[in-house]
Each structure stands twice: as C-alpha cells, then as structure tokens.
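S.K.: A structural model of the following input is requested.
(one chain, ligands or ions: 2)
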Amino acid sequence: MEGVLGLKCVLCGAEYGLRETSQAFRYVCDGHGDAGILDVVYDYPHIRRILTAEALRANPDRSIWRYLPLLPVDQQGVARLRASGGHRPLWNVGWTPLYRAPRLAAMLGLSEVYVKDEGRNPSASFKDRASAVGLVKALEWGATVVAAASTGNAASSLATLAAGWPVQTVIFVPANAPHAKIAQLLIHGATVLPVQGTYDQAFDLCLEACRAWGWYSRNTGYNPYLSEGKKTAVLELGEQLDWHMPDCILVSVGDGCIIGGLGKGLCDLRALGLIDRLPRLIGVQAAGSAALYHAWRRGDEQIEAVHAHTLADSIAVDLPRDGIKALRAVRETGGAFVVVSDDEILAAMHTLACEAGVFGEPAGVASYAGLVKARELGWVEKGERVVLLVTGSGLKDVPSALKAVPLPSPIVPTLEAVTGRLQGGTKTACLSS
Ligand SMILES: *Cc1c(COP(=O)(O)O)cnc(C)c1O
Ligand SMILES: [Zn+2]
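M.R.: Numbering: from 1, shown residues only. Ligands and ions are numbered 1, 2, ... in the order given. Just a heads-up that it's a prediction; the model follows:
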C-alpha cells in the first residue's frame, strides 16, 4: 500500500493509520461511531510518477486492477492472490463498455450521450467494483466470514466474487428483494438470511452480527474501502474518452456510495494531473426514496430518514449510509440531485433498451429518467456531453420490465393471425410517452 497515507474521518478529520492494534479491522472513526465514515488518503505525488496516461495505455489488464496504485490494497498481496488461483471473476471486474447513443442525444438536444453498461460486470451490477476491493481486503486480513446487508446487488456481487475463495459469505437481505438476486446468492453458496423488514433493518442487524461474531463487514457507508472500488468507473471513463471528460455524469443514488466514489475518482484524476475540470455529478433518486435530494435542497448535511417506497429496489433506502460523501461529491462538482417517479423509471427502461440497446434494472435506468428531468429543469443544457451510468442489468428484475412492456397475448399458429396482429405495425413504439 505504498500509495496510501491513511484514513481520515469525514466528520472531524481525525486520521488513522492502516494498521491498528486496538481493533482487528478498522471501519469508522472512534469519536463518531458508525456515522464517522473514513476516507482513504493517498500520496498523490508518489502515485503521479507511476500512474501516467502512458503507463495506462501500455497496461493490457482490462479490469479495475489496472488502477492498483490508486487502490487501498497491498499490491504484492494482490499479485500473490492472482498467481494462486488463475483467472477468476474477481480479476474480471470493471472495464465495462461505453456506448454512444446518438438517438438519445438527438431526442434531448445534447451533443453527445454515452451509456456505460455496468450490467456487464461478473454479477451484472456496478456493485462488483466495491465487492472486489472489499473481498481482497477480507482475504488480506485473513477473514473467514464476510457479511453484508444489501438491497440485493451488493450481496449477489459479493457471493459471486467470493465463490471459490476460502471465505464464507453471510447475507442479510430484505425478504422482498427480487428473486433473481436471491437466486444469485443461493446458487453461489452464500448463507442467506432474508429479513422481515426493510434494507435499513437488515443493515443494522448485519452490523450487530459482525460485532458479535467478528465477521468482516462489507457494508456500504461503513467499510471505507468500498467507495474506493466504486471510483474506478470514472477512472475508466477518463481513459475511454481519452481524458475528454463529459460535462456531466448521471447516476442513481441509494446509500450514496457510488456517487461519492465517483467524486473521489474525479478528485484523484485531477490530483494526478490527468484531468483539469470536474464533470458535474447529478444524483438521481426515486421520488419515494429521496433523503439525499431533500438534504441537498435544504443545503445542509443533516440527512433525515424517509419511509422508502419505490419499485427501484436497489435505491430503496430509508437513511442513506454514505450520504455525506454523496452530498459533498455533488456540491464540489457543481452538480445537482433530481427525483423521478416509478412511472418515469419504467418509461426510461423501455426507451433506453429500444434506443441504446441497453437493458437496465429500474435503479439502473433511473439515470436516463433523471437526464430527461434534468433537461426539463435546466440542470443539463442544450448541446452538452453527458454520460449515463446504467448500474445493473435488466435481467435481475424481469417482473419490473414486464410492467414497462406488457406481454402480448398468444396467437393461433396461422398466417392470418400473424397478419391480423401486424396490422398495428411491427414494433411497439418506445417513444410514445
Ligand atoms: C446499489 C445500487 C445503486 C445505488 O448505489 P448507492 O451506492 O447505494 O447509492 C444503484 N443502482 C444499482 C443497480 C445498485 O445496485
Ligand atoms: Zn470523527
């Protein structure tokens, strides 16, 4: 960890070394308890000499691990792990495709719209970026049990990446999480505890269990290493756009770890001299789960819990656990928060799939719904270059997709029936709404 100086509390600035004796694993600030989220502090002058644009161009590794000097892990340890088990999904996280969507750009009066498809990660969501770093830390520390509370994807990602490594995963999920995500957990051999309650209740229970039994905690907005994994998406974006960053980046927000991580990655790139201007980060929340939007509107860092209700299960959060980092990322980049309704999310799912070829789950496509809203509100202006992060695959939540597009009724197997059915045209229109 040559490039890491230590950990710093986001609330009081107290600094901690990486090796602590009082506590096997350090997660949060002593003075602030669970709210005292730590931020990893890097030695940029040192990293700047190693992680140059040229060095990156010459690096054949197409995964998040190409950014090793900017990650809070032991580099020799990672090399040993890689040598030990051959190629595995853990080494294949990231470097997701970035598509151009000229039809969406034309529809919205923008010069460029890019879609980064995070559904192409090993477990089909953005969460793999965080789980990969969390898992390597757990292996580094010799943990035998890794636990997480999750709306679904954080857990399915952890279970996918941990398969075949000498750790047991214990997962707390709300009992009503989509079946595809629960199936991923079970099929990869996780111990699954479906909690009768909300994600927030599952989260508190998981923290309690980790404390009681000394399990390694992969909990968002608590484990400080997860947002470091999440930042890799903007490091990639910089490279994929040859360092011509867009005007703004839109992403859906639940706990706020992704958007906070993106803010961190942008600051890293600026500190390394790879970019000189930060794109605006625009956080998209579901109207029924908008605690950070409300805090941002009030202009303070007091985040008040809501009773989350939205079909976008991955962003259904009462009290965002990584809210401070999220609010600061939006403020420091001159961005904004917008809210979208469930109906707008369903419409976005259909439009994005038809016009850009990317099928996202509800929370994934909320970025597009947010772009439509941000254009209306003037947060995104005509002619701008915009990146949408689609954070999870639509195959994770097929029932929601079938709310966006009704199943056609069957026809009898005759050509007349086909002719009759095609009278209305060959394709359902996406842009009707
Ligand atoms: C977790 C998740 C989000 C939100 O990320 P936060 O870090 O909780 O803000 C968005 N979309 C998908 C698909 C997710 O799984
Ligand atoms: Zn503190």
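
S.K.: could you pull out the strands for the stretch 301-433 of the chain?
M.R.: Assigned by DSSP state E, counting those that start in this stretch, the strands in the stretch 301-433 of the chain fall at 336-340, 385-390.

S.K.: Export the ones you listed as TSV, with columns for mean pLDDT.
M.R.: Compiled in TSV, those are given as follows (pLDDT from 0 to 100):
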stretch	mean pLDDT
strand 336-340	98
strand 385-390	98
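
S.K.: out of those, deepest packed?
M.R.: Most buried of the strands of the stretch 301-433 of the chain by mean neighbour count (mean count of other C-beta atoms under 10 Å) is strand 385-390; its value is a mean of 27. From N, CA and C alone the C-beta is placed, and that goes for glycine too.

S.K.: Could you list every helix and strand that that strand packs against?
M.R.: For strand 385-390, the packing partners by 3 or more C-beta pairs under 8 Å, 6 or more residues apart in numbering; DSSP states H and E come out as strand 112-117, strand 248-252, helix 362-377.

S.K.: For residue 269, find the nearest of the ones you listed.
M.R.: strand 248-252 (12.5 Å; C-beta to C-beta).

S.K.: The closest one to helix 362-377, inter-axis angle?
M.R.: When axes from the mean of the first three to the mean of the last three C-alpha atoms, to 10 degrees is applied, the directions of strand 248-252 and helix 362-377 differ by 140 degrees.

S.K.: Now the helix or strand following strand 248-252: buried residues?
M.R.: Tracing the chain C-terminally past strand 248-252 and defining elements by DSSP states H and E, one meets helix 257-271 next. Burial within helix 257-271, assessed by neighbour count using 16 or more other C-beta atoms under 10 Å, is assigned to 257-269.

S.K.: hmm, back to that, want to throw the strands of the stretch 301-433 of the chain into a markdown table with distance to residue 95?
M.R.: Formatted as a markdown table, the entries for those read as follows, by distance: least, C-beta to C-beta, whole Å:
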| stretch | distance to residue 95 |
| --- | --- |
| strand 336-340 | 29 |
| strand 385-390 | 14 |
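
S.K.: Those: which one's closest to ligand 1?
M.R.: Shortest separation from ligand 1 across the strands of the stretch 301-433 of the chain is recorded for strand 385-390, at 8.3 Å, computed as C-beta to the nearest ligand atom.

S.K.: For the stretch 51-200 of the chain, which residue gets nearest to ligand 2?
M.R.: Scanning the stretch 51-200 of the chain for the residue nearest ligand 2 gives residue 72, at 18.5 Å (criterion: C-beta to the ion).

S.K.: That residue: what's its closest spatial neighbour, skipping adjacent residues?
M.R.: Taking C-beta to C-beta, 6 or more residues apart in numbering, and ignoring the residues beside it in sequence, residue 72 has residue 40 as its nearest neighbour in space, at 4.7 Å.

S.K.: try residue 88
M.R.: If the residues on either side of it in the chain are set aside, residue 88 comes closest to residue 164, at 6.4 Å by C-beta to C-beta, 6+ apart.

S.K.: cool, residue 97 as well?
M.R.: That would be residue 117: by C-beta to C-beta, 6+ apart, it lies 5.3 Å from residue 97.

S.K.: quick one: that neighbour and residue 361 touch, right?
M.R.: No: Residue 117 is not in contact with residue 361 according to C-beta atoms under 8 Å; the separation is 11.8 Å.
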